[in-house]
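S.K.: sequence first, then the predicted structure, then my questions.
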Amino acid sequence: MGNKVELRTKAEPVTAFKTVDGKKRKAEVLLNVEDLSLSFTQYTSGLRQTELKVISNLSIQAYRGEILAVVGSSGSGKSLLAHSILGILPSNAKLSGKIEYDGEELTQERKEALRGKEIALIPQATTYLDPLMKISDQVIGCVEKKDKGLMRKLLREIFQRYNLKSEVEGMLPHELSGGMIRRVLVSTAVIRSSKLIIADEPTPGLDEKTLNETLSYLKDMADRGCAVILITHDIEAALKVSHKIAVFYAGTVLEVANVEDFKNNGENLRHPYTRALWNALPQNNFQVIKGHQPMQDEVFDGCIFYERCSKKKALCSQGIPELRQVNGGVVRCNNVS
């Protein structure tokens, strides 16, 4: 242990392709996040100021017409990435790195202009709803008087798809069950012509039928050309609809893998942590690894997965591995070739 070493992530994004009318075409990057770091200013005893780093040099790309699933345990930085993109971080946050949307820098001013319009959030917490406002008004939002009739018609169609009865429109949030509220939150993104959808844990509390329906609507949005970021703990749910899986750990990306790589015992997966997540599923031998994800204030000179890795070498304790392309994916590991 010693002074903290910054992650170096200079790998170029992996080219994505889509098959359209039987032809393979290059997919377009809608959101590019490069070398993103996030810390919070905190005060300790004696009014001493410290910096708590929660994200370190994180890089991902979201493509038009695709679903990128972001998976990882609690505290890995998944939701903070969403808040960074949306510009809803607290005042003590310090953000560095580059975020580009549709080829242009996504400044705080631009985030505020696009938030709730071109960039939509399906939040994790049900408390995002206003407890004193009717559900219909919250889903429709602020629109011109001449458009309200059309929006209400569209609202009824969407609610019908999600098995929400017409009386839900006039209810308040406390009158709805947890599952109903989550379906309402999904509806707020569906009703707008958003280009980038960030779904932050949209499926907990949903029964199997509603979960599959929710995932199908995310897929529909991607099929219409939207870029969808699905933040979830549920790898199995993500694999049903996603094109790529970004694996987060201790505030950074360890691997971005294609969905096709998740099969058998995970031999096509590049990082030991990704394989461990895959093999920990009940149908995959339910294997677990010792240890826990590092806390944000822990300091590392080497790989952040070093203490838990079964394939670590002396090199792994001497500098944090770079993020690089390997076999059609992206990985941060010294032991992959």
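M.R.: Ah, there it is. Residues are numbered from 1 along each chain as shown.

S.K.: all helices of the stretch 1-150 of the chain, in order?
M.R.: With DSSP state H, counting those that start in this stretch, the ranges of helices along the stretch 1-150 of the chain come out as 78-86, 108-114, 135-140, 148-161.

S.K.: only C-alpha atoms, please: export the last one in CSV.
M.R.: Output of helix 148-161 as CSV, limited to C-alpha atoms (Å, rounded to 0.1, in the frame of the first residue of the first chain):
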residue,chain,number,x,y,z
LYS,A,148,-52.5,17.9,-23.4
GLY,A,149,-55.3,15.9,-25.1
LEU,A,150,-52.9,14.0,-27.2
MET,A,151,-50.5,13.3,-24.3
ARG,A,152,-53.4,12.0,-22.2
LYS,A,153,-54.4,9.7,-25.0
LEU,A,154,-50.9,8.4,-25.2
LEU,A,155,-50.7,8.0,-21.5
ARG,A,156,-53.8,5.8,-21.4
GLU,A,157,-52.3,3.6,-24.2
ILE,A,158,-49.0,3.2,-22.2
PHE,A,159,-50.8,2.5,-18.9
GLN,A,160,-52.8,-0.1,-20.6
ARG,A,161,-49.7,-1.9,-21.9
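
S.K.: now do the contacts for the residue nearest in space to the middle of the chain.
M.R.: Closest to where the C-alpha atoms of the chain average out (Cα atoms, centre = their mean) is I231, at 3.5 Å. With contact set as Cβ atoms under 8 Å, 6 or more residues apart in numbering, I231 has these partners: 69-70, 78-79, 81-82, 124, 198-201. To be clear about C-beta, it is placed using only N, CA and C from the backbone, and glycine gets the same treatment.

S.K.: save the residues you listed as TSV, and put in neighbour count and pLDDT too.
M.R.: Output for the contacts of I231, formatted as TSV (neighbours: other Cβ atoms under 10 Å; pLDDT from 0 to 100):
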residue	neighbour count	pLDDT
A69	26	98
V70	28	97
K78	23	94
S79	18	92
L81	26	96
A82	21	95
Q124	19	72
I198	26	96
A199	28	94
D200	22	91
E201	19	88
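
S.K.: just the closest of the residues you listed to R115, please.
M.R.: Of all these, I198 has the smallest distance to R115: 10.2 Å, by Cβ to Cβ.

S.K.: wait, isn't the closest one in contact with A120?
M.R.: Yes: taking Cβ atoms under 8 Å as the definition, I198 is a contact partner of A120 at 7.2 Å.

S.K.: ok but E322 is inside a strand, no?
M.R.: No: using DSSP: H, G, I helix; E, B strand; the rest coil, the assignment for E322 is coil, not a strand.

S.K.: number the chain from 11, please
M.R.: That works, and once the first residue is 11, the last one we named lands at E332.

S.K.: that one contacts V340, doesn't it?
M.R.: No: E332 lies out of contact with V340 (Cβ under 8 Å); the separation is 10.4 Å.

S.K.: any idea which of the helices of the stretch 11-160 of the chain is most buried?
M.R.: Highest mean neighbour count among these (mean count of other Cβ atoms under 10 Å): helix 88-96, with a mean of 22.

S.K.: now the strands for the chain?
M.R.: Using DSSP state E, the strands of the chain run over 27-30, 33-36, 39-53, 59-73, 77-81, 103-111, 114-115, 129-132, 206-210, 237-242, 254-259, 262-268, 334-336, 339-341.

S.K.: mind checking those for the one nearest to V298?
M.R.: That would be strand 254-259 among the strands of the chain, by Cβ to Cβ, at 15.5 Å.

S.K.: pull the closest one out as CSV, backbone CA atoms only.
M.R.: Extracted in CSV, the C-alpha atoms of strand 254-259 (Å, rounded to 0.1, in the frame of the first residue of the first chain):
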residue,chain,number,x,y,z
LYS,A,254,-23.1,-5.6,-24.2
ILE,A,255,-22.5,-5.9,-20.4
ALA,A,256,-20.2,-3.4,-18.6
VAL,A,257,-18.9,-4.8,-15.4
PHE,A,258,-18.3,-2.2,-12.6
TYR,A,259,-16.2,-2.8,-9.6
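
S.K.: any idea how far T224 lies from A247?
M.R.: Distance from T224 to A247, counting by Cβ to Cβ, to the nearest Å: 9 Å.

S.K.: quick one: residues contacting the nearest residue to Y53 once chain neighbours are set aside.
M.R.: Nearest non-adjacent residue to Y53, counting by Cβ to Cβ, 6 or more residues apart in numbering: Q59, 5.9 Å away. By Cβ under 8 Å, 6+ apart, the residues touching Q59 are 51-53.
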